[in-house]
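Enquirer: I need the structure of the sequence given here:
(one chain, ligands or ions: 1)
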Amino acid sequence: MKLELLDNKVFFENEGSRKEIHPFWLRERVSGENFVDNATQQRLFDPTELKENIEIKNLNLTDQFLEILFNDGVETRLKIQSILSEFSNNNDVKSIDKIKWDASLKDLNNFEFSNNIFEDKKMYEALISFYRFGFVIFKNVPIKNNFIVNFANSIGSIRRTNFGEFFNVKSKPNPNDLAYTSLPLAPHTDNPYRNPVPCIQILHCIQNQVSGGFSTLVDGYTVTEKLKEDFPEYYKILTEVKVRFQFIDQSVVLEDWAEMIKLDENKNLRQVRFSPRLDFVPLMDKEKLKLYYLARNKISELYNSEKYRIEFKLMPGDLLMMDNYRLLHGRTSYDANEGERFLQGCYIDYDSTEGRLKHLKRKFNI
Ligand SMILES: [Fe+2]
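Expert: You can find the predicted model right below:
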């Protein structure tokens, strides 16, 4: 990638293709204290108020800078590197390669907690690991009640829901969700009926005296890729049919329509939703429904297969952070008479982890 100049025009050259850069695009990016606030990097001018037909009057390219004089008299020096990086569309998070995993995953991605971890390079490493595997576990996080709120708000901002700012996961009488019982929970994603679905779930173990109650995780990325490979028709229908997910209790009705496997504009996985107690497929042709049910059974079989599931016991002080758009989670049953099992949970969204990751990257010049 490089810049080239010709007849007061700037061209961007990349792998043999050469395109002119619109002069206004460059004019919007003028730097200097008269145009950009140094601390916030926000513009001090409103580009929509520039009515003039912006053209370039004079140009110069040095080793590091593109120097431009515009026809409205404004002069600027733009860093060539900054222009090129905008063209490369380099997204710090999207460029982290996901690592597919299954039951053979042995290293559980543990990071030791410390009070200053949120500003430490170790948090950067933990977040990179989170984006690679879809989860990360912090060890020895203080088990003070509600510390999870501090934790979430130190990465970014907690995402409040109708379950509250955070929720206590322990068996209780008359629960409004199976999570609050000692029953086993098959792999599922949380809150598929919300719009938007919370991106990341955090679970903090405060007490775990029971012999069962193992936490389970499944990589939805691994499973959906496997489905695509072995059963392309099933994969296709699950990426196309929008299903109604629903949650009802005494004070709220929540609904959202979405595909079980949602793809992005490049046909890559964007989000899995799976919660077979809460999904309602629309009334379609009998043949189409037949295929849909076969597909749902197959993906359920894969999600529930031991081949893909890891199982581990969260101990007091362990804090699990997992990607609710990629992973499924669950737990094995336990006997509430054996003692206390008490986890606290909450949600954060991707802007929290992305914001912190980019901040730490900038801070440590990585
Ligand atoms: Fe859950």
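
Enquirer: what are the ranges of the strands in the stretch 151-300 of the chain?
Expert: In the stretch 151-300 of the chain, the segments counted as strands under DSSP state E, counting those that start in this stretch are 158-159, 167-169, 185-188, 200-208, 215-219, 242-248, 253-259, 261-263, 269-272, 279-280.

Enquirer: tell me how far stretch 189-204 is from the chain's mean position?
Expert: Offset of stretch 189-204 from its chain centre (C-alpha atoms, centre = their mean, to the nearest Å): 11 Å.

Enquirer: Stretch 181-194 now?
Expert: Worked out by C-alpha atoms, centre = their mean, stretch 181-194 lies 19 Å from the chain centre.

Enquirer: what's the answer for stretch 63-76, then?
Expert: That offset, for stretch 63-76, works out to 39 Å (C-alpha atoms, centre = their mean).

Enquirer: same check, this time on stretch 1-9
Expert: Averaged over its C-alpha atoms, stretch 1-9 has a centre that lies 38 Å from its chain's centre (C-alpha atoms, centre = their mean).

Enquirer: tell me which residues of it are tucked away?
Expert: Buried residues in stretch 1-9, counted by 16 or more other C-beta atoms under 10 Å: Leu3. Every residue, glycine included, has its C-beta placed from N, CA and C.

Enquirer: Only C-alpha atoms, please: export that stretch in PDB.
Expert: Taking Å, rounded to 0.1, in the frame of the first residue of the first chain, the C-alpha atoms of stretch 1-9 are listed here in PDB:
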ATOM      1  CA  MET A   1       0.000   0.000   0.000                       C
ATOM      2  CA  LYS A   2       1.300   3.500  -0.800                       C
ATOM      3  CA  LEU A   3       0.200   7.000  -1.800                       C
ATOM      4  CA  GLU A   4       1.000   8.600  -5.100                       C
ATOM      5  CA  LEU A   5       0.500  12.100  -6.400                       C
ATOM      6  CA  LEU A   6      -0.500  13.300  -9.800                       C
ATOM      7  CA  ASP A   7      -1.900  16.700 -11.000                       C
ATOM      8  CA  ASN A   8      -2.900  17.800  -7.500                       C
ATOM      9  CA  LYS A   9      -4.600  14.600  -6.900                       C
END
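
Enquirer: which residues are contacting the worst-scoring helix or strand of the chain on mean pLDDT?
Expert: Of all the helices and strands that make up the chain, helix 80-87 has the lowest average by mean pLDDT, DSSP states H and E, namely a mean of 87. Helix 80-87 is contacted by residues Met1, Lys2, Leu3, Phe12, Asn14, Ile21, Arg29, Leu61, Gln64, Phe65, Leu66 when judged by C-beta atoms under 8 Å, 6 or more residues apart in numbering.
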